[in-house]
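K.L.:
My questions concern the predicted model and sequence given below.
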Amino acid sequence: MSNLQQTLSIIKPDAVERNLVEEIKNEFKKDGFEIKNEKKIKLAKSDAEQFYKVHETKPFYKDLCEYLSSGPIIVMILEKDNAIAANRELMGATDPKNAKEGTIRKKYGISIDKNSVHGSDSIENAKIEIDFFFKS
Ligand code: IDP
Ligand code: MG
């Protein structure tokens, strides 16, 4: 049975800065994702703090929010069958050094903080994150 889903993807500042946007978008397209909406933006630190609120008690929260708001990012709505899990699989582990061969983070990630991409981790968070960036 098909299970069409949408998930929120972000190409993070480290990848935008290295001109990897088209290459990473091609990774999604090759894997069968349709990019339903996309925009290039630069977040204010307060936006990043809101976006990553689930991590506010973590020791890396401050650096994480500073980083996500440090330069332009690409935010995209990706659609395909089981998009949320499929995108997590294509992204690979949070730390690029633990990511499987062929995953985006393995190919392009620099470190656990500069890991090139974000992807929603659940149906609930996909909806919240899509609304965060695309609800008018
Ligand atoms: P995810 O991006 O794979 O879903 P999360 O645990 O949700 O990983 O963490 C959000 C982001 O916070 C990660 O993508 C990574 O950039 C950063 N992060 C996670 N854990 C650490 C850490 O231990 N040190 C520094 N940064 C971290
Ligand atoms: Mg996460």
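P.N.:
In hand now; what should we look at? Ligands and ions are numbered 1, 2, ... in the order given.
K.L.:
With adjacent residues omitted, what lies nearest to residue 5?
P.N.:
Leaving aside its sequence neighbours, residue 5 sits nearest to residue 83 (Cβ to Cβ, 6 or more residues apart in numbering; 4.1 Å). In this view, the C-beta of every residue, glycine as well, is placed from N, C-alpha and C.
K.L.:
gap between that neighbour and residue 92?
P.N.:
Counting by Cβ to Cβ, to the nearest Å, the separation of residue 83 from residue 92 is 16 Å.
K.L.:
Which elements pack onto the single longest helix found in the chain?
P.N.:
Counting residues, the longest helix found in the chain (DSSP state H) is helix 123-134. Judged by 3 or more Cβ pairs under 8 Å, 6 or more residues apart in numbering; DSSP states H and E, helix 123-134 is in contact with strand 4-11, strand 34-41, helix 45-51, strand 73-81, helix 83-91.
K.L.:
Turn those into CSV, including mean pLDDT and distance to residue 127.
P.N.:
Converted to CSV, the helices and strands packed on helix 123-134 look like this (pLDDT from 0 to 100; distance: least, Cβ to Cβ, whole Å):
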stretch, mean pLDDT, distance to residue 127
strand 4-11, 98, 8
strand 34-41, 98, 14
helix 45-51, 98, 14
strand 73-81, 98, 11
helix 83-91, 98, 10
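K.L.:
what about those, which gets the closest to ligand 1?
P.N.:
For ligand 1, the closest of those is helix 83-91, at 6.9 Å, according to Cβ to the nearest ligand atom.
K.L.:
what residues are up against residue 129?
P.N.:
By Cβ atoms under 8 Å, 6 or more residues apart in numbering, the contact set of residue 129 is 8, 51, 120.
K.L.:
If the first one is in a bridge, with which residues?
P.N.:
Meaning residue 8. Judged by DSSP bridges, the bridge partners of residue 8 are residue 77.
K.L.:
Which positions in the protein make contact with ligand 1?
P.N.:
Within reach of ligand 1 by Cβ under 6 Å from any ligand atom, the chain has these residues: 55, 60, 64, 94, 112-113, 115, 118, 121.
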